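**Student:** need coordinates for the below:
(one chain, ligands or ions: 1)
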Amino acid sequence: MKVLLTGGAGYIGSHVVRAVRGAGHTPIVYDNLSKGHAESLEADLIVADVSDGAALRVALEENEIDAVIHFAAFIEAGESVGEPGRYFRNNTVAGLTLLEAMRETNVKRLVFSSTAAVYGQPPVVPIEEDSPLVPINPYGSSKLCVEYMLRAYAQAYGMGFVALRYFNVAGADPAGDIGEDHTPETHLIPLVLQVPLGKREHITIFGQDYDTPDGTCIRDYIHVSDLADAHVLAAGAIEPGMVKVYNLGNGEGFSVKQVIETCRTVTGHSIPVVIGSRRAGDPARLVASSARAMRELGWRTKFPRLEEIVTHAWRWHSNHPSGYA
Ligand code: UFG
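**Tutor:** Below you'll find the model as predicted:
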């Protein structure tokens, strides 16, 4: 199978490229390199933007693409609150451009990177896929709009889709040669690890007055290599006219304080903390039920333990303190 990965030079994309190759398929990356890193890639690269429908059509047709995995997007919930237009343009409008390009070139299979942010502040955890969809930030809304488009395109044109709702993706390939490199970094684990790397003096905890046992937000951290495997399974499972939605998490929640404690254990560094105020758009608690992905896709995680996730992240960051630079 020839698979086009939009945003394939990014953190998650580069790990999925590896998984796609490992499964015997041919990955072709389509990325504007605004955030991605060509150095991470073991695949052909087309440097172009997902908002460019003509370039997408050429890429799909000339490479005889069988399936698309769509990562290219802005991903920061907090930023999206202050800059909603950028999120709807880059995530929702460009998503529509991609669907149209696929329709025009008769490419009928897509795996879509969705997010736990579509659930907003869930009434019950673990969250099942049929929980209410009430995003509390524009990032979540911008992704949910695309999920609605998938349903319409499946019905109208017989295209087949899987939307994967990621929880908190973390860690790095155990080989230690690819990993997370965002500028600026906003995610908790890489930021905490900057303290033992000597790149920051402390980590700021964004609020300790949430309704959780230690007052800090609870998230479900999933290893990026496990997440990558789910994409290969999803791409292989798509059938015409189908829309399936799967949560991808470990089913266990860790508070910000627990994550910091695990980073102390893994790195042997004391990691000082400062308590700050809440960050806009943060729900208190997000924990996945991934039972459906396990049942229907046969997905199994290899690295479910937080300590292993942090160990692999630390291996990458300590060997590449400046990322790919
Ligand atoms: N946090 C801090 N200090 C920091 C950074 C983060 O306390 O310096 C806290 C956040 O407030 C949050 C938790 O750590 O409570 C995790 O924050 P991240 O920024 O690492 O991740 P988010 O939960 O905000 O978002 C991530 C992805 C989204 C995705 C979401 C789904 O970035 O794309 O997970 O759970 F939608």
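
**Student:** show me what contacts the closest residue in space to Asn168 that isn't next to it in sequence?
**Tutor:** Nearest residue to Asn168, sequence neighbours excluded (C-beta to C-beta, 6 or more residues apart in numbering): Arg219, at 4.4 Å. In short, each C-beta sits where N, CA and C put it, glycine included. When contacts are counted by C-beta atoms under 8 Å, 6 or more residues apart in numbering, Arg219 touches Phe167, Asn168, Leu188, Gly253, Phe254, Val256, Val259, Leu286, Val287.

**Student:** I figured the fifth one hits Ile222, correct?
**Tutor:** No. Between Phe254 and Ile222 there is no contact, the gap being 11.4 Å when judged by C-beta atoms under 8 Å.

**Student:** please pull out the lowest mean pLDDT helix or strand from the protein.
**Tutor:** Ranking every helix and strand in the chain by mean pLDDT, DSSP states H and E puts helix 77-82 at the bottom, with a mean of 93.

**Student:** any idea how far the residue nearest to Asn168 lies from the ligand?
**Tutor:** Arg219 is 5 Å from the ligand, where distance means C-beta to the nearest ligand atom, to the nearest Å.

**Student:** where does the protein get nearest to the ligand, residue-wise?
**Tutor:** Cys217 (3.0 Å; C-beta to the nearest ligand atom).

**Student:** returning to what we had before: if you count what's nearby, which of Phe254 and Ile222 comes out ahead?
**Tutor:** Applying other C-beta atoms under 10 Å to Phe254 and Ile222 shows that Ile222 carries more neighbours, namely 28 against 22.

**Student:** who are the packing partners of the helix or strand containing the more buried one?
**Tutor:** Assigned by DSSP states H and E, Ile222 falls within strand 221-223. Judged by 3 or more C-beta pairs under 8 Å, 6 or more residues apart in numbering; DSSP states H and E, strand 221-223 is in contact with strand 168-170, helix 306-319.

**Student:** right, and the helix or strand after the first one?
**Tutor:** Beyond strand 168-170 in the direction of the C-terminus, DSSP H and E gives the next helix or strand as helix 188-193.

**Student:** is stretch 165-172 positioned near the ligand?
**Tutor:** Yes. Stretch 165-172 is in contact with the ligand by C-beta under 6 Å from any ligand atom, via Phe167, Asn168.

**Student:** buried ones in that stretch?
**Tutor:** For stretch 165-172, a neighbour-count test (16 or more other C-beta atoms under 10 Å) marks Arg165, Tyr166, Phe167, Asn168, Val169, Ala170, Gly171, Ala172 as buried.

**Student:** thinking again about what came up before, between the helices and strands packed on strand 221-223, which gets nearest to Ala291?
**Tutor:** Nearest to Ala291 among those is strand 168-170 (18.4 Å), distances taken as C-beta to C-beta.

**Student:** does that closest one pack against any helices or strands, and if so which?
**Tutor:** strand 221-223, helix 224-237, helix 306-319.

**Student:** I'd like the average pLDDT over the longest helix anywhere in the chain.
**Tutor:** What stands out as the longest helix in the chain, according to DSSP state H, is helix 138-157. The average of the pLDDT scores along helix 138-157 is 98.

**Student:** other SSEs contacting that helix?
**Tutor:** Contacts defined by 3+ C-beta pairs under 8 Å, 6+ apart place helix 138-157 against helix 77-82, helix 84-87, helix 94-105, strand 109-115, strand 160-166, strand 243-248.

**Student:** export those to JSON lines and tack on distance to Asp282?
**Tutor:** Formatted as JSON lines, the helices and strands packed on helix 138-157 follow (distance: least, C-beta to C-beta, whole Å):
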{"stretch": "helix 77-82", "distance to Asp282": "7"}
{"stretch": "helix 84-87", "distance to Asp282": "16"}
{"stretch": "helix 94-105", "distance to Asp282": "24"}
{"stretch": "strand 109-115", "distance to Asp282": "14"}
{"stretch": "strand 160-166", "distance to Asp282": "16"}
{"stretch": "strand 243-248", "distance to Asp282": "19"}
